[in-house]
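Asker: attaching a predicted model along with its sequence, questions to come.
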Amino acid sequence: MNRVLDASLISGPLWWVLLLAGPVGVCVLVLGRGRRWWLGVVPAALAVGLAVAVLVTLTVNVWWQPFPDPLPLLVPVWVGLFVAAVVLALGRRAGVTRMALALLIAVLVAASGTAQVNEKFAAFPTVRDALGLPLPGQIAFNRVPGPQRAPVTGTPGATLASRWSPPPGMPTAGEVTTTAIPGVVSGFNARDAWIYLPPAYLSTPRAQLPVLVMFGGQPGSPRDCFTAGRVVATMTAYAAAHRGLAPVVVEVDPLGSTLANPLCVDSPLGNAFTYLSVDVPAWIRTHLQVDPDPAHWAVGGASFGGTCALQLAVNAPSVYPTFLDFSGQEEPTLGGASRTLSAAFGGSARAFTRVNPLDVLERKRFPATAGMIVVGRDDGPFLPQARRVAAAAREAGMTIRYLEVPGGHGWSVWANALPLAMPFLGQRVGITS
């Protein structure tokens, strides 16, 4: 069963089956005989599909605008093809059995389109991820080992790695769990957080480990970094190379729901900034036995999450003096300046510039802050934005590592960015020298 659940949806045999199902299904549905079919049903199906594709594009990109970036062309194209397939299936005027078979083929067309969109963004790497099932080895939060006396710590003159010796019986793998982190101060209503605990956290004695707080993109869920971003695999490899040591990773929800976007600020859309800079750190220090020193804390994310990480780095540098920005934008946005100011800043440009990263970087100096910025070479408008952010951050005194890698705007880039960032991150949070 696990072999099926862990089958890849972005490469391999299952992906090829789904990829071919769409074109084959369309060909099967188009096949027909007679003047009525070729001059009536087929053109009508194509016209309806095209109309729906245009309507979806206008609704999402122009009227509704739930995302700061427009839908990729692939999405409305496959929506249109699915609608056309349904019209073709209904237009066959066949018996119940054949009609059901034709509609099943239309569903396969939809599945093929979904697989191709998913392959572009790599959001659901496996069947397990697409179904939202628990990860292998996932445990309930009440099974997480409680605090221990005298955990092994680093010192001002020595790294954690230099003071740590793995005790007998230390697990070879970490554990994953989920739990709610309430917005006690902010009132922010977040979805459950996902937590990775390295082997050195699960041993006796325990290492007092640093913390990496992470966010995914928008739309998204607070498990995206763990599934699409392959956090567990990355941290497992890092821990294996460092005698069980790795950061405790906590992926939290900066959105509130899949389509929400409170922009990582305190606004009528929700007090996301206070939640992320006050509630989350307080909860982690209270409920997990981690290094309390903020110098050993980092924040990171991808796309919207990268923008959010940058915002926290410049607006709460004493909380998160280290950040990872994977393909983030240069400013928080709801898709346009007017809409952003109106929805989140009461129409005030001054309120926006007070928290906007590039404006803050122009006003203040950050000699104690360091960050790593990674972006795909084919990432359209995000590439020049990343370059501008890196230049502004360096000008403000930050220590910045900047890297352009192959790829566009998707998890295939971001999942590979985290392993590239680990040597830098391990040094910043006090694991290695």
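Answerer: Nice, I can see it. Numbering: from 1, shown residues only.
Asker: the stretch 51-200 of the chain: strands as residue ranges?
Answerer: 138-140, 175-179, 193-197 (DSSP state E, counting those that start in this stretch).
Asker: what residues does the second one touch?
Answerer: Spelled out, it's strand 175-179. Strand 175-179 is contacted from outside by 135, 137-141, 143-144, 192-197, 202, 223, 226, 232, 287, using Cβ atoms under 8 Å, 6 or more residues apart in numbering. Where you see a C-beta, it was placed from the backbone N, CA and C, and this is true even at glycine.
Asker: what's the first-to-last distance across stretch 154-166?
Answerer: End-to-end span of stretch 154-166 (Cα to Cα, to the nearest Å): 14 Å.
Asker: from the contact counts, what lies against the helix or strand hosting residue 236?
Answerer: Taking DSSP states H and E as the criterion, residue 236 maps to helix 231-241. With contacts taken as 3 or more Cβ pairs under 8 Å, 6 or more residues apart in numbering; DSSP states H and E, helix 231-241 sits against strand 193-197, strand 248-251, helix 411-428.
Asker: out of those, which is closest to residue 38?
Answerer: When the helices and strands packed on helix 231-241 are compared by Cβ to Cβ, helix 411-428 sits nearest residue 38, at 41.2 Å.
Asker: ranking the strands of the stretch 51-200 of the chain by burial, who's on top?
Answerer: With neighbours defined as mean count of other Cβ atoms under 10 Å, the strands of the stretch 51-200 of the chain peak in mean count at strand 193-197, which reaches a mean of 25.
Asker: for that one, which strands pair with it and how are they oriented?
Answerer: Its sheet considered, strand 193-197 pairs with strand 175-179 (antiparallel), strand 248-251 (antiparallel) by DSSP bridges.
Asker: could I get those as CSV with distance to residue 357 and mean pLDDT?
Answerer: As requested, the strands paired with strand 193-197 are arranged in CSV below (distance: least, Cβ to Cβ, whole Å; pLDDT from 0 to 100):
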stretch, distance to residue 357, mean pLDDT
strand 175-179, 30, 97
strand 248-251, 21, 98
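Asker: adding distance to residue 67, write the ones you listed out as CSV.
Answerer: Putting the strands paired with strand 193-197 into CSV (distance: least, Cβ to Cβ, whole Å) gives the following:
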stretch, distance to residue 67
strand 175-179, 25
strand 248-251, 20
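Asker: for residue 4, find the nearest of the helices and strands packed on helix 231-241.
Answerer: helix 411-428 (21.8 Å).
Asker: C-alpha coordinates for the closest one, PDB please?
Answerer: The C-alpha trace of helix 411-428 is given here as PDB (Å, rounded to 0.1, in the frame of the first residue of the first chain):
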ATOM      1  CA  TRP A 411       8.700  23.600  -5.600                       C
ATOM      2  CA  SER A 412      11.200  21.800  -7.900                       C
ATOM      3  CA  VAL A 413      13.400  24.900  -7.300                       C
ATOM      4  CA  TRP A 414      12.500  25.500  -3.700                       C
ATOM      5  CA  ALA A 415      12.900  21.900  -2.500                       C
ATOM      6  CA  ASN A 416      16.500  21.900  -3.900                       C
ATOM      7  CA  ALA A 417      17.200  25.400  -2.500                       C
ATOM      8  CA  LEU A 418      16.900  24.200   1.200                       C
ATOM      9  CA  PRO A 419      19.800  21.700   0.900                       C
ATOM     10  CA  LEU A 420      21.900  24.400  -0.800                       C
ATOM     11  CA  ALA A 421      21.100  26.700   2.200                       C
ATOM     12  CA  MET A 422      21.900  24.200   4.900                       C
ATOM     13  CA  PRO A 423      25.700  24.900   5.200                       C
ATOM     14  CA  PHE A 424      25.000  28.600   5.600                       C
ATOM     15  CA  LEU A 425      22.100  28.000   8.000                       C
ATOM     16  CA  GLY A 426      24.000  25.600  10.100                       C
ATOM     17  CA  GLN A 427      26.800  28.200  10.700                       C
ATOM     18  CA  ARG A 428      24.300  31.000  11.400                       C
END
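Asker: pull the residues that contact that helix.
Answerer: Residues contacting helix 411-428 (Cβ under 8 Å, 6+ apart): 10, 121-123, 125, 212, 224, 228-231, 234, 237-238, 242, 247, 298, 300, 302-303, 322, 324, 326-327, 370, 372, 374-376, 379, 401, 403, 405-407, 432-433.
Asker: kind regards, and thank you for your time.
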